[in-house]
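> Test case, fold it:
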Amino acid sequence: MLSNANSLHIRGVSINWDKIDERSYLREIEAIKDLDCLSFNKNITIFVGENGSGKSSLLEAIAVNYGFNPEGGTKNYNFSTYDSHSELCDAITLSKGFKKPGWGYFLRAESFYNVATAEEEYGMQSLNPQHYHERSHGESFLQLVHTNFKGNGIYLLDEPEAALSPQRQLTLLLEIVNCAKEDSQFIIVTHSPILLGIPGAELLSFDDGKIHPIEYEDTDSYQITKMFIENKEQLLKRLIDG
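Below is the predicted model:
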């Protein structure tokens, strides 16, 4: 049973656009350029939408404002290989719940190698090295999940499916659901039709000019995957023949 809004660690986010430069690219992103506030209603929220629709930009801003390292990791991480996060993190205010999380993690696919390197260094200092680089990308990713997902936590995941096979995505889905049952909160950006199917999750679409709730079967990820599986030959012929 997923928790309701009253028990969330992050209950919502508001944006002060006066703190964002008039020439900022953020003002050109349709889904967020008119966004004043956004509330979270369940402890698994999934951002879905086309590339460039603002999903990762908003998730990154929430993570950095909350105190996570921009490239990922726990709130204890302090490293930087490339400073790429936007000014949005300084323009938002988070509405936090009364209960303080006991743990948290910001995981983004694009900087996972850098985080894995930092994980090994921190692990050696604590005499608990994980040796992520000695595993495959997907194996090291799941090991990081097993090590860091706990109850009463806050977890922000940006395209976590990138390293995982469909079978391993189901493993991740189970980890998320079990952790959420122990009062953890997840905000996830994904294109995966498997992760989008997490039972009870709130799906928020960034398409069509504004952020809005969407049903699983109405997402492009589901519809295109279904179309491909059911009409593969016809669809490929149409694409290839132009």
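> Which residues are in contact with the closest residue to residue 35 other than its chain neighbours?
What sits nearest to residue 35 in space, not counting adjacent residues and going by CB to CB, 6 or more residues apart in numbering, is residue 15, at 5.8 Å. All C-beta atoms are positioned from the backbone trio N, CA, C, and that covers glycine. Going by CB atoms under 8 Å, 6 or more residues apart in numbering, residue 15 touches 32, 35, 36, 37, 88, 91, 92.
> now those residues: which count as buried?
Among the contacts of residue 15, those classed as buried by 16 or more other CB atoms under 10 Å are 32, 35, 88, 91, 92.
> In strands, which of these appear?
residue 92 (DSSP state E).
> Let me know the closest of the buried ones among the contacts of residue 15 to residue 98.
For the buried ones among the contacts of residue 15, the residue nearest residue 98 by CB to CB is residue 92; the value is 20.0 Å.
> hang on, the earlier thing: could the buried ones among the contacts of residue 15 go into a markdown table alongside distance to residue 178 and pLDDT?
Formatted as a markdown table, these follow (distance: CB to CB, whole Å; pLDDT from 0 to 100):
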| residue | distance to residue 178 | pLDDT |
| --- | --- | --- |
| 32 | 32 | 94 |
| 35 | 32 | 93 |
| 88 | 32 | 92 |
| 91 | 35 | 94 |
| 92 | 30 | 95 |
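> between the buried ones among the contacts of residue 15, which is nearest residue 210?
Using CB to CB, those come closest to residue 210 at residue 35, 7.6 Å.
> what sits against that closest one?
15, 210, 211.
> Tell me the spacing between it and residue 184.
Taking CB to CB, to the nearest Å as the measure, residue 35 and residue 184 are separated by 26 Å.
> swap in residue 197?
Residue 197 is 19 Å from residue 184, by CB to CB.
> quick one, which of these two is more surrounded?
More neighbours surround residue 184 than the other of residue 197 and residue 184, with 24 against 18 (other CB atoms under 10 Å).
> Look up which residues are beta-bridged to the nearest residue to the more buried one once chain neighbours are set aside.
Distance criterion CB to CB, 6+ apart; nearest residue to residue 184, sequence neighbours excluded, is residue 153 at 4.4 Å. Residue 153 has the following beta-bridge partners by DSSP bridges: residue 103.
> Could you count how many residues lie near residue 153?
21.
> what do you get for residue 9?
24.
> how much space between the closest residue to residue 212 other than its chain neighbours and residue 177?
Using CB to CB, 6+ apart and skipping residues adjacent in sequence, the residue nearest residue 212 is residue 205, 5.7 Å away. Separation of residue 205 from residue 177 (CB to CB): 22 Å.
> Which one's more surrounded, these two?
residue 205 (22 against 16).
> Can you tell me who that one pairs with across the strands?
Bridge pairing for residue 205 (DSSP bridges) gives the partners residue 48, residue 212.
> residues in contact with it?
By CB under 8 Å, 6+ apart, the neighbours of residue 205 are 48, 49, 211, 212, 213, 214, 219.
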